[in-house]
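*Asks:* Make a model of this:
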Amino acid sequence: MRSTETKSIAQHLTASHLFGVQPTQNQQETPPLQQPECLKAVYPALTEEAFAKTMDNYRAFVAKYNAQTREENKLIDKHNALAKALTETKEVEKLSNDHIVFIQFFPKRYNDLNTREYNAEIDSQPENLSRLLLKKRIQTIKYPTEQIFQNMLHLYNTQLMKRNSEYMRLGVRTLRPIQELDVNSYFITQLKRNNIHSLNICTKTVRNHRQRLEEAGIFVNAIFSGHTKGVKVQINPEILAIFDLQTNQYAATENQHVTPQERKELPDNNETTGTNKEEYKKRKDATQSFDDKEFPAVTSSLHYKTVFYRNTGSNVKNSPEGGAAQNVKTQKTLSEELRDLIEHPQQLAVNMANGEYNNYIPIDIRLLHKEAYNGTLTRAEFRELVIQDFIKNSAKLYRDTTPFAGSWKNAINHWMQNKFLTYNDIEFNKANIVEDVQQLRWRLEHARKWFNRTGISPLYPSNYFDITRKTSREIGFEYTKKAWERHVKYMESQPVKKRQLQRKAEARLKQINHSKKYENEIRRFLKNKISLPQLIDYVQNNLPQDFYAKLPQTLKQLEITLNHNTYANIQ
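*Replies:* Sure, this is the predicted structure:
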């Protein structure tokens, strides 16, 4: 039954439903399957109001469930009391050896079943066996489970926002079943509020509470995908309240009707502002990477309501397929902004010849790293972006000269044909390209300082950036790689040199400290505050061996000095 429901939900995510792509004549239409009872929305979200409503439904459901469970436990207690009474009698002796062995190993054989399934298995046995088997008491839902369920809802909201951002970017506006909650016990234990863990529990505790929620029917249709992945579950539609950001209504199943009172009335306003888009962008960027380990707050419904603007003059605003893309103004992503920086090679060469990039500031390396690991630029686009950024940055070498546009064009073409490519002309991975950006910028600055120091003018760009010029006599950019290698070795040796200097400084300070102690004890001896044995004992036990070795020489020198002073006083 679970596989049938999964296939049915997957039908809503096919190209024909999302983008209106019709199957070809050779493709055979899949017969429609019966839809599962699940909530459907275009852009589902757990707003503050939806979150509060979900928790109210949860508490009402738990109260009803716990009352039912207590009644079930009363019947279980009666059954167990009768089973214990029969066991104490000679009723067991009437059974065959096979039945006795079956009763003994029954708990181990069905230990993997949950409590209700275990008790149902007992009821399915013959009466002479079932009345001798002890049933398990059913646990009620307690308050700690509510706390964990709240944190799961917070995590679920970030998952919904991430999926919404992807569908918004793709222009998908199809009504579809909401996604399942991905319960990853590790992520839940790592959730934080103000850099403090929200729940001080272990992953096993989370799994136990998740199983309790499954037994109660709060989580349904669980899918186990492996020990390294989270368990995907659906939250009971009777409990979950989801607000649809597209229709401004609470999501409902096919057999439910959304009452007018549940509709969110928004002011008719066709004007859009960047502030609301920024608010949504901040929330849709909430990720499960947990690098920041910051607990995502349940987003205010006010911000979500202003994300989607109703166009009162449009007849397709509530259409499942959505209106035209131009009806919603979207802010450009980082990838789109970087893509706009890529120029046609000929235009770039002309701009370089005109000196438009003589004061060029390179792209922030942090943005390039973000694009390399999370952006949507292709490898070819990212490679061209990095090469053009380098060419623009190299304009500072030619501030006092005027290379022709053709020379710049040849340099650009040469690098595009040779840089960041494998032997079979496949672009490097974006992460590998961005690792070389810092090196290229350092080498370019090193070359600029060298030309300023020596007074030598750089060759034309077509010659200077020729990757075959690798010797010092050819004065090509490729030779700066030698300087970079020396720089890397120097930087690697710095920690070692620093530790050596620290050790020398520590030894020097220790030697000075010992000398002060040695001289202080000599003064005390001269002032008759300590005796000679005390002086010898102190120097021998508290100072390095070389001080003890030179003590006789020091005392002899003091004796000579004192005798000389005494003789001088007599004269």
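*Asks:* Show the subsequent helix or strand relative to the least confident helix or strand in the chain by mean pLDDT.
*Replies:* Least confident helix or strand of the chain, by mean pLDDT, DSSP states H and E, is helix 301-305 with a mean of 37. Next along the chain after helix 301-305, taking DSSP states H and E as the criterion, comes helix 334-340.
*Asks:* After that following helix, which helix or strand is next? Please name it.
*Replies:* Downstream of helix 334-340 (by DSSP H and E), the next one is helix 345-353.
*Asks:* Show me what that following helix is packed up against.
*Replies:* helix 379-393, helix 405-418 (3 or more C-beta pairs under 8 Å, 6 or more residues apart in numbering; DSSP states H and E). All C-beta atoms are positioned from the backbone trio N, CA, C, and that covers glycine.
*Asks:* Contacts for that helix, please.
*Replies:* 343, 357, 388, 391-392, 395, 402-406, 408-409, 412-413, 416, 461 (C-beta atoms under 8 Å, 6 or more residues apart in numbering).
*Asks:* How about stretch 58-76?
*Replies:* Taking C-beta under 8 Å, 6+ apart as the rule, stretch 58-76 contacts 119, 135-141, 146, 149, 216-218, 236, 238-239.
*Asks:* Just give me the neighbour total for Val386.
*Replies:* Neighbour count of Val386, defined by other C-beta atoms under 10 Å: 24.
*Asks:* so what's it closest to, chain neighbours aside?
*Replies:* Ile433 (5.6 Å; C-beta to C-beta, 6 or more residues apart in numbering).
*Asks:* Pretty sure that neighbour sits against Tyr373.
*Replies:* No - counting by C-beta atoms under 8 Å, Tyr373 is not a contact partner of Ile433; they are 11.7 Å apart.
*Asks:* neighbour-wise, which of those two wins?
*Replies:* Ile433 (20 against 10).
*Asks:* For the more buried one, give me its contacts.
*Replies:* Neighbours of Ile433 in contact, by C-beta under 8 Å, 6+ apart: 372, 379, 382-383, 386, 420, 427.
*Asks:* Distance of Ser472 relative to Gln346?
*Replies:* 33 Å (C-beta to C-beta, to the nearest Å).
*Asks:* try Ile536
*Replies:* Between Ile536 and Gln346 the distance is 90 Å, computed by C-beta to C-beta.
*Asks:* Can I get the buried part of the contacts of Ile433 as one ChimeraX selection?
*Replies:* Only the buried entries of the contacts of Ile433 go into this ChimeraX selection, using 16 or more other C-beta atoms under 10 Å:
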select :372,382,383,386,420,427
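*Asks:* count of neighbours near Leu338?
*Replies:* Leu338 has 22 nearby residues by other C-beta under 10 Å.
*Asks:* Endpoints of stretch 130-139, how far apart?
*Replies:* Stretch 130-139 has an end-to-end distance of 21 Å (C-alpha to C-alpha, to the nearest Å).
*Asks:* and it, what's its mean pLDDT?
*Replies:* The average pLDDT within stretch 130-139 is 82.
*Asks:* That one: how far from the chain's middle?
*Replies:* 46 Å (C-alpha atoms, centre = their mean, to the nearest Å).
*Asks:* Tell me the buried residues in that stretch?
*Replies:* Buried, per 16+ other C-beta under 10 Å, within stretch 130-139: 130, 132-136, 138.
*Asks:* Quick check: Lys419 vs Glu485, distance?
*Replies:* 18 Å.
*Asks:* Mind checking what secondary structure Val220 has?
*Replies:* strand (DSSP: H, G, I helix; E, B strand; the rest coil).
*Asks:* Just send the contacts of Ile433 back as a markdown table, with pLDDT and distance to Ala222 too.
*Replies:* Compiled in a markdown table, the contacts of Ile433 are given as follows (pLDDT from 0 to 100; distance: C-beta to C-beta, whole Å):
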| residue | pLDDT | distance to Ala222 |
| --- | --- | --- |
| Ala372 | 90 | 37 |
| Arg379 | 91 | 39 |
| Phe382 | 93 | 40 |
| Arg383 | 93 | 44 |
| Val386 | 95 | 46 |
| Phe420 | 92 | 46 |
| Glu427 | 89 | 42 |
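*Asks:* can you give me the strands in the chain?
*Replies:* Under the criterion DSSP state E, the chain contains strands at 40-41, 44-45, 176-177, 181-183, 192-193, 196-197, 219-223, 231-235, 243-244, 249-250.
*Asks:* Strand partners (parallel or antiparallel) of the second one?
*Replies:* Partner strands and pairing direction for strand 44-45 (DSSP bridges) are strand 243-244 (antiparallel).
*Asks:* Against Gln159, how distant is the closest residue to Asn57 other than its chain neighbours?
*Replies:* Distances taken as C-beta to C-beta, 6+ apart place Ile239 nearest to Asn57, at 4.4 Å, with adjacent residues excluded. Ile239 sits at a distance of 17 Å from Gln159 (criterion: C-beta to C-beta).
*Asks:* circling back: quick one: which of the buried residues of stretch 130-139 sit in helices?
*Replies:* Ser130 (DSSP state H).
*Asks:* got a markdown table for the buried residues of stretch 130-139, with distance to Met352 too?
*Replies:* Below are the buried residues of stretch 130-139 laid out as a markdown table (distance: C-beta to C-beta, whole Å):
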| residue | distance to Met352 |
| --- | --- |
| Ser130 | 89 |
| Leu132 | 92 |
| Leu133 | 87 |
| Leu134 | 86 |
| Lys135 | 84 |
| Lys136 | 79 |
| Ile138 | 77 |
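*Asks:* hmm, which two among the buried residues of stretch 130-139 are most spread apart?
*Replies:* Pairwise distances across the buried residues of stretch 130-139 (C-beta to C-beta) peak at 20.4 Å, for the pair Leu132 and Ile138.
*Asks:* Spatially nearest residue to Arg469, not counting backbone neighbours?
*Replies:* Setting aside the residues directly before and after it, Arg469 is nearest to Gly476 in space (C-beta to C-beta, 6+ apart), at 2.6 Å.
*Asks:* Please report phi then psi for that neighbour.
*Replies:* For Gly476, the backbone dihedrals (degrees, to the nearest 10) come out as phi -110, psi 160.
*Asks:* mind listing the helices for the stretch 451-571 of the chain?
*Replies:* Here the stretch 451-571 of the chain has its helices, by DSSP state H, counting those that start in this stretch, at 461-464, 480-526, 532-542, 545-570.
*Asks:* Need the ones you listed in TSV (columns: distance to Lys229).
*Replies:* Output for the helices of the stretch 451-571 of the chain, formatted as TSV (distance: least, C-beta to C-beta, whole Å):
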stretch	distance to Lys229
helix 461-464	52
helix 480-526	40
helix 532-542	64
helix 545-570	65
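*Asks:* By mean pLDDT, show me the worst of those.
*Replies:* helix 545-570 (a mean of 75).
*Asks:* returning to that earlier point: out of the contacts of Ile433, which comes closest to Glu519?
*Replies:* Among the contacts of Ile433, and counting by C-beta to C-beta, the member closest to Glu519 is Ala372, at 62.9 Å.
*Asks:* Report the contact partners of that closest one.
*Replies:* 382, 430-431, 433-434.
*Asks:* Narrow those residues to those in helices?
*Replies:* Reading helices off these with DSSP H, I get 382, 430-431, 433-434.
*Asks:* Pull the most distant pair out of those.
*Replies:* Checking these with C-beta to C-beta, the most distant pair is Phe382 and Ala431, at 9.9 Å.
*Asks:* sorry, back to before: buried subset of the contacts of helix 345-353?
*Replies:* 343, 357, 388, 391-392, 395, 403, 405, 408-409, 412, 416, 461.
*Asks:* can those go into a markdown table with extra columns for distance to Phe525?
*Replies:* Below are those laid out as a markdown table (distance: C-beta to C-beta, whole Å):
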| residue | distance to Phe525 |
| --- | --- |
| Glu343 | 85 |
| Tyr357 | 77 |
| Gln388 | 79 |
| Ile391 | 78 |
| Lys392 | 76 |
| Ala395 | 76 |
| Pro403 | 81 |
| Ala405 | 88 |
| Trp408 | 83 |
| Lys409 | 87 |
| Ile412 | 83 |
| Met416 | 83 |
| Pro461 | 79 |
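*Asks:* Noted, bye for now.
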